[in-house]
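Student: Sharing a sequence plus its predicted fold:
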Protein chains: 2
Amino acid sequence: MENREIKYESVPEEYKSLGGRGLTSKIVSDEVPPKCHPLGPNNKLVIAPGIVTGTNAPSSGRLSAGGKSPLTGGIKEANAGTSFAQMLGRLGIKAIIVEGQSEYGYQLLSIDNDGAELNDAEQWSGRGLYEAYEDIRNEFGEDVGICGAGISAELNGMNSGLAFNDIEGRPSRYAGRGGLGAVMASRGLKFIVLNQKGAPGVKIEDKETFEEGRKKLEKALGEHDVTKPGGTLNTYGTDALINIINEAGALPQRNFSDGRDDESAKVSGEEKAKQIKKRGGKRPHMCSPGCVIKCSEVWTNPNGEGPVGVLEYESVWALGPNCGIYDLEIIGELNRACNDLGVDTIEIGNTIAVAMEGGLADFGDGERAIELIEEIREGTPLGKVLANGTEHTARTLGVSRVPTVKGQAMPAYDPRAIKGIGVTYATTPMGADHTAGYAVATEIMGVGGEADPLEKSGKAELSRNLQRSTAVIDTAGYCLFTAFAVMDIPEGLEGMVETVNGVLGTDLTTEDVPGLGKQVLETEREFNKEAGFSEADDRLPEFMREEKLPPHNEVFDVPEEDLDSVFS
Amino acid sequence: MENREIKYESVPEEYKSLGGRGLTSKIVSDEVPPKCHPLGPNNKLVIAPGIVTGTNAPSSGRLSAGGKSPLTGGIKEANAGTSFAQMLGRLGIKAIIVEGQSEYGYQLLSIDNDGAELNDAEQWSGRGLYEAYEDIRNEFGEDVGICGAGISAELNGMNSGLAFNDIEGRPSRYAGRGGLGAVMASRGLKFIVLNQKGAPGVKIEDKETFEEGRKKLEKALGEHDVTKPGGTLNTYGTDALINIINEAGALPQRNFSDGRDDESAKVSGEEKAKQIKKRGGKRPHMCSPGCVIKCSEVWTNPNGEGPVGVLEYESVWALGPNCGIYDLEIIGELNRACNDLGVDTIEIGNTIAVAMEGGLADFGDGERAIELIEEIREGTPLGKVLANGTEHTARTLGVSRVPTVKGQAMPAYDPRAIKGIGVTYATTPMGADHTAGYAVATEIMGVGGEADPLEKSGKAELSRNLQRSTAVIDTAGYCLFTAFAVMDIPEGLEGMVETVNGVLGTDLTTEDVPGLGKQVLETEREFNKEAGFSEADDRLPEFMREEKLPPHNEVFDVPEEDLDSVFS
């Protein structure tokens, strides 16, 4: 970026069979000094579509973004489902690497089949992303893919995500976690715009194998209760989990001080689907073309106007029950503000809850929550505090009940009541992250076997296995939700591996999956170790080992040896 | 604290030959879980006088305060020279351990020869310490010793120190570093008040040996150029270093962006001594009775009123040249505000400099610097940011040139131009701390040998040796400045060891010193390792390896292997 130079490089041999997370983590590990300042000149931002992304494999419109995280201080992979991912794949781009720091103000990188260029983007500095994305579509065409860094990223906010376009071009598909927005903005890059016109498409080495695999996977997705048309995700979206996890006593209320509240039903997927039907908006909806699950939606205001995009379970929970807020209108407004400012909903929801505990607002005060988020837009000192995430805000306010691991705020499952996900929070190289090894699937939904969520034993193994297969799914470019089907239906997993073989011309089997995942995780763990992480970083916060969570009145009691056994 | 209980415990055998830092670090290591939240229920504050403190050994009125540091996340020993230390020793108290968290609001612990009690101290909450200390002396007697936590500590500010009384009872003697004020305040303790009336005094096992040693040490201190009457410290105080370090090109200017500025002379010890002579105040002055060095002073406003206490070199630099401020009146005002709010001058000076780099003020704008510090008194969001130190403020503002190690801001020597002190900053368990192994003595003043400050080789050994002997001096209870004399005059060191033997009835020799120091350091390093520290934490900030410091245009280039060799 420092000289606004663009270089196309051919793909080194050792990167050829990688994509998505496997590729971003490898490049970051090869090129970014682990001890560098994440906002200084030596960090890089890497964006890579999955191996099959851009093909017609089902639910494969995913990309990985990687870099050294300003939030965790470790390696980061953040993942999004967006047509931007597919366009990258079809343009034949294995990865974009953004490096150096611009001395020319904010830039916009536009890429099409003929080449790429950098142009001034200062006009969008300080402006909301909804408006900016409209502008950009007016200027570059309705069908472009957009990746953007918002106002929070411009403040170097550690809660800033990368906003990608949804199907209608709104900034509502996020690679949200870990502050990668700030990594992009601190390079001086504000937007990436893709135009896939004339793109050659993904090269498929063995079309027959690919096609065979694609069909098997599509069949499995179409049969499984969670992923099939008319199934849970299709009908209610991810927010179907509100009632399920509340019932399990693991839906964190008011900064992780309770695991259940009857009011939660007011913000459930069932209630939300009913509202969308009544007011307009859209449900079901795809995050990217070719998805067969269609868990997405378009939420609007009560008049069916002001489309926000999807209100995911994690967002509804973070901005809702975790702040004592049980009102979908307010949650929708908060989520819109997050999208507009380029903010990770999980991080800011936790931040507001900690701010409430620290006395800046009462739990349940939605109006005040909106004001707090808007402080980020104003760039006030308080806004800059909040933009830097939960742990930073807790430090500022002197709050010691802080639900973070490696500096990253926890998702919507209290690990005291679902202990396997706690092992994932503690040990994944990413910081508290449910998507890194979603033990909830087994512990609550009985997918891939069964496990008592309150039982502490066996959870290290469960998390380890899930973390490995997840790393492969993130590398292939499949949506994590395909895992529900492939964990229960062996042909689905076979099909998934065959699509990868088809694209790469390899002959992997399902038995290779754990080993491949292990490799990705080892690369990431090694980076973190060099950056200064030790086993002390693979722990949940102290208060969760000491404070009992109602209604089960459990603490997190998975032994430390078990945590350390996940990667040993 | 949770039940306002006070217990006297007899001293366990293994603690009997310890004092000061050796004792606080041992107790913290034995009783505080390394992974606990520093502001949560499991941290403890330990205060211990040195072994000889309270006797008439010269310049021995020192104490150590220990705990898990909220600033560094590691073990902390902060050291102060104050009659409070001597009173503790004379009352026969080896250590005060403050544990648990009060549910009764702020408390005042008063101790005299008949016992101790806890009483309500809420009346002083939110009030400045100068006024509070006057109040307390009015209530408890002019001669009491006082330890207090100020407004910053009440905010859980990580820049909060422990304020101890000077000879006239002002809150100007600080165990400043690492946020121990917040550790005390978060226990619910606001003040400790000591009355030594009727105290038995320090028990001396072998009076003859003690007396022999005392005389040798006193003679050495009286002969060495740095410590003798009419010598450097006596005449100009620690601020004599301004001209010396500026000349060496190592006096950090404007957030470590230059090592020299001609304007620095305006805030030199020479200039300050002249001013004090002119306006009143006092120079020389003792930090505690029985000091033969007398480096302290009383700085006042231009009319000789509003006594602040001493303006130390580190404070003058931090609040002065490092912020581009070259005006003793403003520095005096800033230092008074720090003492009043209970703030570490080194930390807040660096914080203001980083805030200036982050755009909150211009370098050199003293009025704005005062306003910024006063934000802490107001408890505004910005005040809470600044109260949490340099690294926290840098994160808030997105500044990536951050002069910290282990989260603690650097003292007044740029490690690019004095490389041995850089090794100490990097490797001491305390975070950037010059007192932990003052290589400047050898590199700049030729004390204890000579070493070129710009040379990188040999510095690991220099720092290692100094860190070991310093740990012993901090354990014995001697002022660090005695080291100038004992490093150059062998009889001085002998005398020092003999005073310790006299008090304890032991038969240590000068050859035992490095081994004893090593033990203290190992205890501290082990705590930090358990808390999650690794070799990545033993590094200087990235920008100091990349950005050349004028006028020598040097980077910090001591090899990482050398840093790792200090403790291997």
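Tutor: All right, it came through fine. Every value quoted in this text rests on a predicted model; they were computed, and no experiment measured them.
Student: tell me, how many neighbours does the closest residue to chain B within the stretch 301-450 of chain A end up with?
Tutor: Closest contact between the stretch 301-450 of chain A and chain B, by CB to the nearest CB, is at A:Gly398 (2.6 Å). No exception for glycine: its C-beta is placed from N, CA and C like everyone else's. Close neighbours of A:Gly398, defined as other CB atoms under 10 Å in any protein chain shown, add up to 22.
Student: can you check A:Arg254 too?
Tutor: 17.
Student: surely the residue of the stretch 301-450 of chain A closest to chain B meets B:Pro38?
Tutor: No - A:Gly398 lies out of contact with B:Pro38 (CB atoms under 8 Å); the separation is 10.6 Å.
Student: which neighbours do these two share?
Tutor: Common neighbours of A:Gly398 and B:Pro38, using CB atoms under 8 Å, 6 or more residues apart in numbering or on different chains, are B:Ala182.
Student: could you pull out the helices for the stretch 1-150 of chain A?
Tutor: Applying DSSP state H, counting those that start in this stretch to the stretch 1-150 of chain A gives helices spanning A:20-31, A:83-90, A:129-140.
Student: how about the last one: buried residues?
Tutor: Counting neighbours by 16 or more other CB atoms under 10 Å in any protein chain shown, one finds that the buried residues in helix A:129-140 are A:Leu129, A:Tyr130, A:Ala132, A:Tyr133, A:Ile136, A:Arg137, A:Phe140.
Student: which residues does the third one contact?
Tutor: Which is A:Ala132. A:Trp124, A:Gly148, A:Pro171, A:Phe191 are the contacts of A:Ala132 under CB under 8 Å, 6+ apart.
Student: From the chain's centroid, how far away is stretch A:143-152?
Tutor: Its chain's average C-alpha position is 15 Å from that of stretch A:143-152, according to CA atoms, centre = their mean, to the nearest Å.
Student: how long is that stretch end to end?
Tutor: 26 Å (CA to CA, to the nearest Å).
Student: And stretch A:361-371, by the same measure?
Tutor: 10 Å.
Student: From A:Ile348, how far off is the residue of the stretch 301-450 of chain A closest to chain B?
Tutor: 20 Å (CB to CB, to the nearest Å).
Student: And A:Glu31, by the same measure?
Tutor: Applying CB to CB to A:Glu31 and A:Ile348 gives a distance of 30 Å.
Student: Ok, A:Val558 next?
Tutor: Distance, A:Val558 to A:Ile348, using CB to CB: 28 Å.
Student: can you check A:Pro38 too?
Tutor: Using CB to CB, A:Pro38 is found at 19 Å from A:Ile348.
Student: Looking at the two, which one has more neighbours?
Tutor: Set A:Pro38 next to A:Ile348 and count neighbours by other CB under 10 Å: A:Ile348 wins out with 36 against 26.
Student: residues in contact with that one?
Tutor: So A:Ile348 contacts A:Asn159, A:Ala318, A:Leu319, A:Cys338, A:Ile373, A:Leu386 (CB under 8 Å, 6+ apart).
Student: ok, now A:Gly349?
Tutor: So A:Gly349 contacts A:Ser315, A:Trp317, A:Ala318, A:Leu319, A:Gly320, A:Asn322, A:Cys323, A:Ala409 (CB under 8 Å, 6+ apart).
Student: Tell me where the stretch 1-150 of chain A has strands.
Tutor: Using DSSP state E, counting those that start in this stretch, the strands found in the stretch 1-150 of chain A span residues A:44-49, A:62-68, A:75-81, A:96-99, A:107-112, A:115-120, A:145-148.
Student: Deepest-packed of these, please.
Tutor: Of all those, strand A:62-68 has the most neighbours on average by mean count of other CB atoms under 10 Å in any protein chain shown, namely a mean of 30.
Student: chain center to that strand: distance?
Tutor: 10 Å.
Student: and the residue of the stretch 51-200 of chain A nearest chain B?
Tutor: Proximity of the stretch 51-200 of chain A to chain B (CB to the nearest CB) peaks at A:Asn156, 2.6 Å away.
Student: Can you verify my assumption that A:Pro289 contacts A:Ser83?
Tutor: Yes - here A:Pro289 reaches A:Ser83: they are 6.0 Å apart, a contact under CB under 8 Å.
Student: higher neighbour count, these two?
Tutor: For A:Pro289 and A:Ser83, the more surrounded residue by other CB under 10 Å is A:Ser83, and the numbers stand at 27 against 10.
Student: State the distance from that one to B:Leu63.
Tutor: 66 Å.
Student: go on, A:Gly437?
Tutor: Distance from A:Gly437 to B:Leu63, by CB to CB: 49 Å.
Student: now do A:Lys266
Tutor: Counting by CB to CB, the gap from A:Lys266 to B:Leu63 is 57 Å.
Student: ok, now A:Ala439?
Tutor: 50 Å.
Student: Quickly find the element holding the residue lying farthest from the centre of chain A.
Tutor: Largest separation from the mean C-alpha position in chain A: A:Glu208, at 32.5 Å (CA atoms, centre = their mean). A:Glu208 is located in helix A:207-223, with elements delineated by DSSP states H and E.
Student: tell me the mean pLDDT over that helix?
Tutor: Computed over helix A:207-223, the mean pLDDT rounds to 98.
Student: Packing partners of it?
Tutor: Helix A:207-223 sits against helix A:482-488, helix A:490-504, with contacts defined as 3 or more CB pairs under 8 Å, 6 or more residues apart in numbering or on different chains; DSSP states H and E.
Student: immediately after that helix, which helix or strand?
Tutor: According to DSSP H and E, the helix or strand after helix A:207-223 is helix A:232-236.
Student: Name the residues that touch that following helix?
Tutor: Here helix A:232-236 makes contact (CB under 8 Å, 6+ apart) with A:225-228, A:240, A:268-270, A:272-273, A:284, A:293-295, A:481.
Student: Show me just the buried residues among those.
Tutor: A:226-228, A:240, A:268-269, A:272-273, A:284, A:293-295, A:481.
Student: I'd like these as JSON lines, with distance to chain B and pLDDT appended.
Tutor: JSON lines is the format used below for the buried ones among the contacts of helix A:232-236 (distance: CB to the nearest CB, whole Å; pLDDT from 0 to 100):
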{"residue": "A:Val226", "distance to chain B": "37", "pLDDT": "96"}
{"residue": "A:Thr227", "distance to chain B": "40", "pLDDT": "97"}
{"residue": "A:Lys228", "distance to chain B": "45", "pLDDT": "97"}
{"residue": "A:Ala240", "distance to chain B": "35", "pLDDT": "97"}
{"residue": "A:Ser268", "distance to chain B": "34", "pLDDT": "98"}
{"residue": "A:Gly269", "distance to chain B": "35", "pLDDT": "98"}
{"residue": "A:Lys272", "distance to chain B": "34", "pLDDT": "97"}
{"residue": "A:Ala273", "distance to chain B": "39", "pLDDT": "97"}
{"residue": "A:Pro284", "distance to chain B": "39", "pLDDT": "95"}
{"residue": "A:Ile293", "distance to chain B": "38", "pLDDT": "96"}
{"residue": "A:Lys294", "distance to chain B": "39", "pLDDT": "97"}
{"residue": "A:Cys295", "distance to chain B": "35", "pLDDT": "97"}
{"residue": "A:Phe481", "distance to chain B": "34", "pLDDT": "97"}
